[in-house]
Every structure is written in C-alpha cells, then in structure tokens.
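Student: Give me a 3D structure for the following:
(2 chains)
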Amino acid sequence: MFEIRLGEQGEIIMTGRLDAAQCDKALQFMDRVPAPRVVDLAGLDYVSSAGLGVLLKTQKRVMVSGQGLRLINANKHLRDIFKYAGFDRIFEIAPAGS
Amino acid sequence: MTKGESVYPETMPAVGLRAEALLQILEVTRRLAAPFELAEVLAEIGEAARSVLRGERATVWLFEPEQGDLVLTGGPPDAPPLRASLAQGVLGLTARSRQVINVPDCRLEPVFDPAVDLDVDNDVRCMLSVPLVERSQLVGVLQVVDSENGSFSTEDECVAETLAAQCVVFIQRERMSSSLAAAEKLDREIKLAREIQMSSLPSEMPRLAGYDMAGQFCPADQTGGDTFDVVTLDERRLFLLLGDASGHGIGPALSATQMTGMLRVALRLGADLDAMLAQVNNQLVEDLPEEHFVTAFLGVLDTDLHRVGYHSAGQGPLLHFQAATGVCRWLPPTTFPLGFMKFPQVDAPRQIELAPGDILGLISDGVFECEDPAGQMFGTEGVERVLRTSHEGSMSDLLARLLQALHLFAGGRPQADDITVVLLARRGETAGRTTVQRYFPRSLDSLDGIFQFVGDFIAARSLDADLRMPVCFIIEELFTNFVKYNAESTHDISLSLGHTPEQLTVCITAFDVGSFDVTRAPTVDTIRPLSERQAGGLGLHLVQQMADTLQYEYAERRSTITFTKALEAG
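Tutor: From the prediction side, this is the model:
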C-alpha cells in the first residue's frame, strides 16, 4: 500500500511502501507539484530503486530553480539505502524526528 | 405342403421353385440357425445342397482373402486342407466371375479340371458351380455334381442361388462369432495377466522416518507393462523400482511381473544394484522375444545419507525437485533398456542427494505422453505445473493432484498407456521447515505477495526483523529485473527462503530466460554530481552492496540468483 499527498505546509507526504509497482503513481504526483521542497518520509516504510528513481528525477527537475528537495523523517532502512545510493551527496537528508 | 401353405411366402424368389426345394431350404435355414462350429455349418450346407439339388455329392470351398485362394476342409482329421487357386478349373472360374456355372457334360468343358473340380475317379458327368458372395465380396464356392436327372436344370440353378444366399449368412455369422469368441478369450487372458501384474505391486507404502512416499499404478484397458516396487531392506535402506515392459497385450504385463519377481529374489540373496542390473538383464535377454525390452529404474535410498544410488535402464526422465531453488532437474537414463543385449560392463550407480524438501519422482511415460484433444503431450512441463503448487503437501496429495491434472488434460480421451508414479520426499529436519519455496507470477503485482512471504518467514522464525527491508529490497530488484527483461517467458518465478543459525539464504530462479549475470552488472558511481546521475542501474548496484554474498548460475535457460545475509548470533 502506498499513499502520496500534500501536507498542510505544502510538503509532500509519502506513506507505505514505494516499490516498482507504485513508482508511476508517485512520479505522476510529483510532476504535478510545481515546486516541491520538502518530502516527509515519516510514514514510508520502504523504498526500492524504482522509488529512488522517482526522487532522482524530481530532484533534477527542481534543481533547475536552484533549490533541491529536502527528505525528512526517513527511517533507518531508508537512510541506509540513501547512503548506499549516494543520495546523501545530492539530497539534503534529515533524520527522523528532525 | 403346397405353395399356398408356406409360412414364409415373402421369402420366395420371383422365379417359381418347386415347393419341395423351398421347404428343404427353409429346413436348412432353421438348422443352421442353431450354433455350429464352422466345419459343421459347411457340412450341413453341403448335405442340404446335395439333397435339394438331387446331386450325388456337394462340396463347399471357402475363399481366404489373405492367401488369395480357396480352401476345402472336412477331409480326414490329420490331412491338411485342400487348396486351389482362383486360376484353376470350373471352381476358379466361378470364383472369378461370381456367376453360377452349369456344366452339363464335364468331358466337353475345357475349363473343367479334375484336380480342383474333384473328379478323382474321372467319372463326374455334370456339375453346378455356385459362387457364395456377400455384398460383392467372395466368400466361397458351392459345387454339386451328378444330378440324378442327368444334368442340372435352370430351376436347379435358381434353387442353388437361393440356397447359396442363405448359406453365406451362416458362414459369415460363424466366422464373426469365432473371432468374437477369440477376442473375448484374449480379453479374459489379458484381465488375468493384469490381475497377476497388480498382485505383484506393494499393497502399501513403507513408512520411513523423515520421508514421505506415495505410489500408484493406473492400468490402461488393454496394453502396457508398467510395474513398481518398494522394498524395505533394513532400518535405513529402501529399494525402489519402476519398470515399463514394451509391447502390447499380455506379454508386457507378464514381463513386468517376471522382472519384479527376479528383483525380489535378488534382494533376498543380498545382491547389490550392479549385480541386480546385470543378472536381471542377462535373464531378460534370454527370456524376452527379440523385439521386446523393459525399461527400469533400480535405486536404493539410504535414509542416513539422504542419498539415492541408482541405475536407470532406459527409464527416464527422472524427476529431482530441489526445494531450495524450486528447480526440477530431469535426469536421463544411465544405460540402455533391459533385455536388448548383455551389458559389456556396469558402471557404478549414479547418486541423487536429497536435501530437505526435495522430491524424487519415478514417472512412467504414460504420464509424459498423455495427450490432450489437440494432440499436445502433458510432458515434463505438465508435471512441473502441478509441482509448483502442490510440492509442500503430502506425497499422496501431490500424486492425487497429478493424476487429476492428467485426467483434465486428456479431456475425456481414453487412457492409452499404463500410468505409474512413485514419489519420495525428504521432509524438513525441524518442525518448521528451514526452507520454504513459492512461485510468483512474473508481474509487478506479485510484489505485495513477495513482501508478505518474506515478512512471514522472518516473523515465524523469530529472525532479526531489521533484515526484512534490505532482504525485500534485494529480492524486489532481482525479481523486477526478471520481469522487465524476459517478457517472452511465461513461467512463474521461484523464490525460496532458508536459514541456518548463521545466515539467511535467498534463492530466486527464473525459467526460460536469457543469461544475465547480476554479479557482473556495471557499478554505479554514486559520488557523481546530480547532473551526471542516472536512475538506471542503481538497483543492481545496491544489490551488490547490500548482499553479503551474491551468486549467479545459468543452465538450460534457467537463471538462479542466490544471496545471503548474515544473522546475528542468538
């Protein structure tokens, strides 16, 4: 189960499991947000490489305006994946609870 | 009796016959209606013809289509029947022309041949030769000689034709009932041979600690020579046999039974597999007709070593289902069938190692060659389809499902050959098996089920819960790769999970796919700036990073990827 929506502060909220079967849904949502800034991952249990691809494409799009995504509240599994993928170098990543 | 008193006026020929002749023909008809041997029928016809036509002698020749000649039986008991070709005498001319031939003076008839027209004493004066014909097929020839009136009249010709038409019916009836009786006798004999064959099968499967077995023999109606046997040798060894004797009818059933008997004696004498194979083969070479042979699997299971040593003489393919990978290995025979020729040498038995959950399947060709209404064979694929969904249950359940699948596949066609299946499974070593395996359709929609499968496995065995996400991540990457890059394959993908105290082992197998070695996937430079980063390739790069070990195997269009993750002690 994967859900994606906008929060009250304009942040993007992802919950559930972002796997290969859900990445089209995620990317379509992200593409409709003109200038996404914060992605709250507190409710996201899992991300696969296909999910990473969604974040990467969105980051490339928004970096044109000079301001990238901030990934907040990622759990340990997500942070490990981000680290292995080198996302800590190209995203601003804040740990859970920050 | 006058004409008006006849009880069968409608059967009278158009040409007026004398009432006496008609009565005699009716009497012959009545007498021939009682069951007779063919020889008696012919004698009765001859006597009737002689009497009705007032001749001195009458003979009935029968046409034998296979030899293409006419044969006369009814001589002395030890004498061979007389034979005449269709080229000889008035007899042959009658057969060829299918016309009544009335010879008023045999001395003046150039076609007359004393040898076949039976003028032994050279004193036959006249002859009436009548073809016996049914639906334009020649059945025989009736000949009457020497009318007491000096020669045969036109009316006699008519009487003879009428009598002949009746006789043909009874000759054919007798011939048909003879062949029917022969067929019934054969049926009874086949049934008896079947009963002997069935009685040599084990009445129940032995129980062995750590193993589960099932076996069944389903005979076809008429043909087939399957057999199987399971004999406990001692507390840890079990002898296994599956055999199939070639040919049709009673022979194969008896050959199969003979082989089972010989093997049981060999077992009692303590013979090993090599000696059994050689000696039974030598005996069958001597006993079997030249064109016959027996295919046979002879194996011994050692339940301590979890190993089956075997010879397979023309019997195959043998099934070895490997639970750890979900892969079916199909093993070929190790030598040629029994009964062909003596073996120049007997190689050492082959070995099959049975891991927990593995299944050994001895399956006769009646299963593989079972055809659907379109003529497609069930094949090894059909067996694999059943195994995928049913290998975790009992072997008797798997066997029942296999037979049911065969029945449905055949779509009502009658069983053409014997069907025999013996299944032997090594069970898991602990209460909860250390290895579980399941197939998933090649679709991203399977991901939910895969996550559930992995989560349940880890939870049920109280393994480190933190492993769940990385293990799911690796599996998803490998699974989606198989889905994306092998669209032409229709086979489900096998996923098996196993563990020891030290590590978790995951095995993913895709069938009917091209080779792609994931361990050699190009690495991704993860320190490049964003503008140079691509989403593609990242998944396999991460798999290589996250798995403790990663192995790739490719054989027979089958890709198997195995990875491990260490488990923390305690």
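Student: how deep is the residue of the stretch 51-200 of chain B found nearest chain A tucked in, by neighbour count?
Tutor: In the stretch 51-200 of chain B, the residue that lies nearest chain A is B:Met198 (53.8 Å; CB to the nearest CB). Using the backbone N, CA and C atoms, a C-beta is placed for each residue, glycine as well. Number of residues near B:Met198 (other CB atoms under 10 Å in any protein chain shown) recorded here: 13.
Student: B:Thr325 too?
Tutor: Residues near B:Thr325, counting by other CB under 10 Å: 22.
Student: Which elements pack onto whatever helix or strand the residue of the stretch 51-200 of chain B closest to chain A lives in?
Tutor: Counting by DSSP states H and E, the element that carries B:Met198 is helix B:154-199. Contacts defined by 3 or more CB pairs under 8 Å, 6 or more residues apart in numbering or on different chains; DSSP states H and E place helix B:154-199 against helix B:19-32, helix B:38-52, strand B:127-134, strand B:137-145, helix B:250-268.
Student: Any regions of chain A where pLDDT drops low?
Tutor: Per-residue confidence of chain A (counting by pLDDT under 70) places the weak regions at A:95-98.
Student: Show me which positions of stretch B:502-519 end up buried.
Tutor: By neighbour count on 16 or more other CB atoms under 10 Å in any protein chain shown, the buried set for stretch B:502-519 is B:504-511, B:513, B:516, B:518.
Student: near chain A, anything from it?
Tutor: No. Residues of stretch B:502-519 are not located near chain A by CB under 8 Å from any CB of the partner chain, the shortest gap being 12.9 Å.
Student: Quick one: distance of that stretch to the chain centre.
Tutor: Here stretch B:502-519 is found 38 Å from its chain centre; the criterion is CA atoms, centre = their mean, to the nearest Å.
Student: and the residue of chain A nearest chain B?
Tutor: A:Gly86 (2.7 Å).
Student: contacting residues around that residue?
Tutor: B:526-528, B:533 (CB atoms under 8 Å, 6 or more residues apart in numbering or on different chains).
Student: before we move on, what about B:Gly326?
Tutor: Neighbour list for B:Gly326: B:388, B:437-439, B:494-496, B:507, B:509 [criterion: CB under 8 Å, 6+ apart].
Student: How about B:Ile352?
Tutor: B:307-308, B:310, B:318, B:320, B:331, B:360.
Student: I'd like the mean pLDDT over the helix holding B:Met198, please.
Tutor: Per-residue pLDDT over helix B:154-199 has a mean of 81.
Student: for stretch B:216-234, same thing?
Tutor: Averaging pLDDT residue by residue across stretch B:216-234 gives 83.
Student: How far away from the center of its chain is it?
Tutor: So, by CA atoms, centre = their mean, the centroid of stretch B:216-234 is 13 Å from its chain's centroid.
Student: Can I get that stretch in CSV? Just the C-alpha atoms.
Tutor: Output of stretch B:216-234 as CSV, limited to C-alpha atoms (Å, rounded to 0.1, in the frame of the first residue of the first chain):
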residue,chain,number,x,y,z
GLN,B,216,0.2,-45.6,-7.8
PHE,B,217,-0.3,-47.8,-10.8
CYS,B,218,-3.2,-47.0,-13.1
PRO,B,219,-3.5,-49.7,-15.8
ALA,B,220,-4.8,-48.8,-19.3
ASP,B,221,-7.6,-51.0,-20.7
GLN,B,222,-5.7,-53.3,-22.9
THR,B,223,-2.0,-52.6,-23.1
GLY,B,224,1.0,-51.7,-21.1
GLY,B,225,3.6,-53.3,-18.8
ASP,B,226,4.2,-50.9,-16.0
THR,B,227,5.2,-52.0,-12.6
PHE,B,228,6.7,-50.6,-9.4
ASP,B,229,8.0,-51.9,-6.2
VAL,B,230,9.2,-50.6,-2.8
VAL,B,231,11.0,-52.9,-0.5
THR,B,232,12.4,-52.1,2.9
LEU,B,233,15.9,-53.6,3.0
ASP,B,234,16.8,-52.7,6.6
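Student: Right, I'll call it a day here.
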